[in-house]
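[1] got a predicted structure plus its sequence, pasted below:
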Amino acid sequence: MLYWLTLLSDGGDVFNLFRYITFRAGGAFLTALTFGFLFGPPLILSLRRRQGKGQPIREDGPETHFSKAGTPTMGGLLIVGALVTSTLLWARLDNPYVWLVLFVTLAFGLIGFADDYAKVSRGNVKGVPGRVRLILGFAIALAAAGWATWHHPAELQLQLALPVFKDVLVNLGWVFMPFAMIVIVGSANAVNLTDGLDGLAIMPVMIASGALGIIAYTVGRTDFTEYLGLHYVPGTGEILIFVAGLVGGGLGFLWYNAPPAAVFMGDTGSLALGGALGAIAVATKHELVLGIVGGLFVAEALSVIVQVIYFKRTGKRVFLMAPIHHHYEKKGWAEPQIVIRFWIIALILAMIGLATLKLR
């Protein structure tokens, strides 16, 4: 919205700053961070009053989690509110990719909100049925995949770009649509599975989104794409504004979610943020790179898949408990130890993912 202040510029005044994505990204970050600090306390107080007993705790979960009883959930409202406000304020609202990521974020956030509300109102861990969540998620992802494909350059439509092998495009045809849908829905659910310890999910989300924001800015500039040998996707640079809002809102939320958490993000936040990561990857044609920068989420999801399949076939477990962060809890690792080590892994994977921009 503030971009339109450039109409008042003669090219050499303060209004000219609003032309620059990097300047507006800084504004979005500070706006979202301030939003988090201002609205965090009243939101947490309101959630605590309305939810009473807070988020239900799984009876078959780690014993240490029973001490978390009474902690309110739906804290994702704070993150989503911060990033949406900052994006609408600082991004160019005539950019289709901005509306794409906002649509996916809000739509998956609504699914998560309904799930959290069902759990809290019933006082148990059973929310919206998994099948319903998946159907809704794939419907949203289908719309997003079609939206992205429509706005991609003709030479990139329905193509799969490969990291490192930058000159290679794999023509998936209409198979690209279900592939993109799996990327978005898989990302949303992988982040959701990761959100099991205080502060565990939000920092890796910020790290992965930061990496994807750099990628979005890079592939949206012809000079960078020519130098690095990447595929140019005009308009994606504005996604950096959204990412800056996500990181600012995420830091504001982490202030209250750091151990011991005063609030959980819930499915409201985890599904919204995971869906956003998938949407950015599809928009920037870096779906496979998401599997690297978001490798921690992939590992968490795979640990559940492996556990379920192996248990059904053998009656035995590979992990003491899945997702894998619970495995380490069962082994006696302290919660902050698990969280910080997973943060480090997420940072390393994000750096590896960014390195693919330079490798040929």
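    In hand now; what should we look at?

[2] the stretch 1-150 of the chain: strands as residue ranges?
    Taking DSSP state E, counting those that start in this stretch as the criterion, the stretch 1-150 of the chain contains no strands.

[3] could you point out which residue ranges in it have low pLDDT?
    Filtered on pLDDT under 70, the stretch 1-150 of the chain yields the residue ranges 3, 7, 9, 11-13, 54-68.

[4] helices of that one, start to end?
    If DSSP state H, counting those that start in this stretch is used as the criterion, the helices of the stretch 1-150 of the chain fall at 21-51, 76-90, 96-122, 130-151.

[5] out of those helices, nearest to residue 203?
    helix 76-90 (12.3 Å; CB to CB). C-beta coordinates here come from the backbone N, C-alpha and C atoms, glycine included.

[6] and the angle for that closest one with helix 96-122?
    On the basis of axes from the mean of the first three to the mean of the last three CA atoms, to 10 degrees, helix 76-90 is oriented at 160 degrees to helix 96-122.

[7] would you mind writing the CA trace of helix 76-90 as PDB?
    Taking Å, rounded to 0.1, in the frame of the first residue of the first chain, the C-alpha atoms of helix 76-90 are listed here in PDB:
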ATOM      1  CA  GLY A  76      -0.600 -18.500  15.200                       C
ATOM      2  CA  LEU A  77      -3.200 -15.700  15.000                       C
ATOM      3  CA  LEU A  78      -0.400 -13.400  16.200                       C
ATOM      4  CA  ILE A  79       2.000 -14.400  13.500                       C
ATOM      5  CA  VAL A  80      -0.600 -14.400  10.700                       C
ATOM      6  CA  GLY A  81      -2.000 -11.100  11.900                       C
ATOM      7  CA  ALA A  82       1.500  -9.600  11.900                       C
ATOM      8  CA  LEU A  83       2.500 -10.800   8.500                       C
ATOM      9  CA  VAL A  84      -0.800 -10.000   6.800                       C
ATOM     10  CA  THR A  85      -0.800  -6.500   8.200                       C
ATOM     11  CA  SER A  86       2.800  -5.800   7.300                       C
ATOM     12  CA  THR A  87       2.400  -7.300   3.800                       C
ATOM     13  CA  LEU A  88      -0.700  -5.300   3.000                       C
ATOM     14  CA  LEU A  89       1.000  -2.200   4.200                       C
ATOM     15  CA  TRP A  90       4.400  -2.500   2.500                       C
END
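
[8] most packed of the helices of the stretch 1-150 of the chain?
    helix 76-90 (a mean of 25; mean count of other CB atoms under 10 Å).

[9] how far does that one sit from its chain's centre?
    Here the centre of helix 76-90 is set off from its chain's centre by 13 Å, with CA atoms, centre = their mean, to the nearest Å.
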